[in-house]
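Novice: sequence first, then the predicted structure, then my questions.
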Amino acid sequence: MQSQTIQQLQQYLDSQIIGQPNLVKQLLVALLADGHILVEGPPGLAKTRAVKCLADCIEGDFHRVQFTPDLLPADLTGTDIFRPETGDFKFQAGPIFNSLILADEINRAPAKVQAAMLEAMAEKQITAGRKTYSLPELFLVMATQNPIEQEGTYPLPEAQLDRFLLHLDVDYPDAESELEILRLNRGEAKGDDKSPPPLISQKDIFQARQQVLDIHMADSIERYIVRLVMATRQPTQYNDKLAQWLEMGVSPRATIALDRCSRAHAWLSGRDFVSPEDVQTMAFPVLRHRLLLSYQAQAEGISPNQIINHILSLVGSA
């Protein structure tokens, strides 16, 4: 089922992003499901490299924005500039008007900048002055957060986190992958020839997205997705432990995201139908940032992943 162009893209990214196959696959899932991804992990784990390598392969412009406490919304969206020669104001577009955006350390920017970014993500448009401007048809944001350094940050509220299609936790590579990273870096420093990146047109991506939407999903799988979502909203119907851990369940955006991402995961796996395993795999990145944990769960050190595991054990796929 997977097209040859996307397969070549995945193979190239795997060769450039060593030891992070899950990051590569979820980045492609976000691309195919037409959503944005929030990546959290310690520095130096190829988060920036991943989206830059993806940008090298795709027809469209790429821009990296380093979020800082003194950033202004106009630095992101652009602003009206007065032209003395004409006596008029002319809009000068900001970096948000690129197809692929790396929002580095998004939690370092104040609320107004985050709001401008999230309007662009949700509506594919920005407002400057009294006018609204449309963003490119192909528009993907990969935002990063550093979990080990919280001083001087502005944590994203839960309502804004909900705008991200996926939330991915990135961990350190294993020893064998670390050795490959060392050799790859040495080769790049020496200027060794490497295989050129495959070039994929936006038309190919839009066709792939249509194929993803056309994948067969049985009624039982649709009902399974809804049962998983309802378990977060009505945990007392399952057991007291789940009810004690959850303060609030996930929104309908989670249902839509789980449907789209499960289809994309199945398509990337070369199948023309969605299986329960696709839903279970995608439940973690789709739900983990949308669950609102209770004070008791936080006090006990319960993570969103543990809660999702518990929900999957309680809710049957049949």
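Specialist: Thanks, I have it.
Novice: any idea which element residue 192 lies in?
Specialist: Residue 192 is located outside every helix and strand, with elements delineated by DSSP states H and E.
Novice: where does it land on pLDDT?
Specialist: As summarised for this prediction, residue 192 has a pLDDT of 72.
Novice: what about it, distance to residue 105?
Specialist: Summarising the geometry, the distance separating residue 192 from residue 105, computed by CB to CB, to the nearest Å, is 32 Å. C-beta coordinates here come from the backbone N, C-alpha and C atoms, glycine included.
Novice: more neighbours: which of these two?
Specialist: For residue 192 against residue 105, the residue with the higher neighbour count under other CB atoms under 10 Å is residue 105, and the figures read 17 against 9.
Novice: could I get the full set of helices for this structure?
Specialist: 4-16, 21-32, 47-57, 73-77, 111-123, 158-161, 175-190, 202-213, 219-233, 240-245, 252-268, 276-287, 295-299, 304-314 (DSSP state H).
Novice: any chance of those helices in TSV, plus distance to residue 65?
Specialist: Formatted as TSV, the entries for those read as follows, by distance: least, CB to CB, whole Å:
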stretch	distance to residue 65
helix 4-16	22
helix 21-32	18
helix 47-57	11
helix 73-77	6
helix 111-123	9
helix 158-161	17
helix 175-190	25
helix 202-213	21
helix 219-233	32
helix 240-245	36
helix 252-268	24
helix 276-287	23
helix 295-299	31
helix 304-314	27
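Novice: any idea which of those helices scores lowest on pLDDT?
Specialist: Here those differ in mean pLDDT, and the lowest is helix 158-161 at a mean of 78.
Novice: which ones are touching residue 263?
Specialist: Residue 263 is in contact with 33, 212-213, 215, 217, 274, 278, counting by CB atoms under 8 Å, 6 or more residues apart in numbering.
Novice: hmm, residue 28 is touching residue 268, no?
Specialist: Yes. With contact defined as CB atoms under 8 Å, residue 28 reaches residue 268; the gap is 6.1 Å.
Novice: overlap in contacts of these two?
Specialist: When CB under 8 Å, 6+ apart defines a contact, the residues bordering residue 28 and residue 268 alike are 6, 10.
Novice: which residues touch the closest residue to residue 267 other than its chain neighbours?
Specialist: In space, not counting the residues next to it along the chain, residue 267 is nearest to residue 212; the distance is 4.8 Å by CB to CB, 6 or more residues apart in numbering. With contacts taken as CB under 8 Å, 6+ apart, residue 212 has the following neighbours: 32-33, 260, 263-264, 267.
Novice: residue 15 too?
Specialist: The contact partners of residue 15, by CB under 8 Å, 6+ apart, come to residue 195.
Novice: distance check, it against residue 180.
Specialist: In this structure, residue 15 and residue 180 are 10 Å apart, going by CB to CB.
Novice: repeat for residue 297
Specialist: In this structure, residue 297 and residue 180 are 38 Å apart, going by CB to CB.
Novice: related to what we said a few turns ago, which one (most neighbours) among the contacts of residue 212?
Specialist: For these, neighbours were counted by other CB under 10 Å; the highest total belongs to residue 264, with 30 neighbours.
Novice: now do the contacts for the residue nearest to residue 91 when sequence neighbours are not counted.
Specialist: In space, and not counting its chain neighbours, residue 91 is closest to residue 80: 5.5 Å by CB to CB, 6+ apart. Residue 80 makes contact with 89-92, 128-129, according to CB under 8 Å, 6+ apart.
Novice: most neighbours, which of those residues?
Specialist: Counting by other CB under 10 Å, residue 128 has the largest number of neighbours within the contacts of residue 80, with 18 neighbours.
Novice: roughly how far apart are it and residue 308?
Specialist: As defined by CB to CB, residue 128 lies at a distance of 39 Å from residue 308.
Novice: send me stretch 38-56 as PDB with only the CA atoms.
Specialist: Presented in PDB, the C-alpha positions along stretch 38-56 are these (Å, rounded to 0.1, in the frame of the first residue of the first chain):
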ATOM      1  CA  LEU A  38       5.200  18.200  19.700                       C
ATOM      2  CA  VAL A  39       8.500  16.500  20.600                       C
ATOM      3  CA  GLU A  40       9.800  16.300  24.100                       C
ATOM      4  CA  GLY A  41      13.300  15.100  25.000                       C
ATOM      5  CA  PRO A  42      16.700  16.000  26.300                       C
ATOM      6  CA  PRO A  43      18.900  18.200  24.000                       C
ATOM      7  CA  GLY A  44      21.100  16.600  21.300                       C
ATOM      8  CA  LEU A  45      18.700  13.800  20.300                       C
ATOM      9  CA  ALA A  46      18.300  14.800  16.600                       C
ATOM     10  CA  LYS A  47      15.000  16.600  17.000                       C
ATOM     11  CA  THR A  48      16.100  19.500  14.900                       C
ATOM     12  CA  ARG A  49      18.000  17.300  12.400                       C
ATOM     13  CA  ALA A  50      14.900  15.200  11.800                       C
ATOM     14  CA  VAL A  51      12.700  18.000  10.600                       C
ATOM     15  CA  LYS A  52      15.600  19.500   8.600                       C
ATOM     16  CA  CYS A  53      16.200  16.200   6.800                       C
ATOM     17  CA  LEU A  54      12.500  16.000   6.100                       C
ATOM     18  CA  ALA A  55      12.500  19.500   4.700                       C
ATOM     19  CA  ASP A  56      15.500  18.600   2.400                       C
END
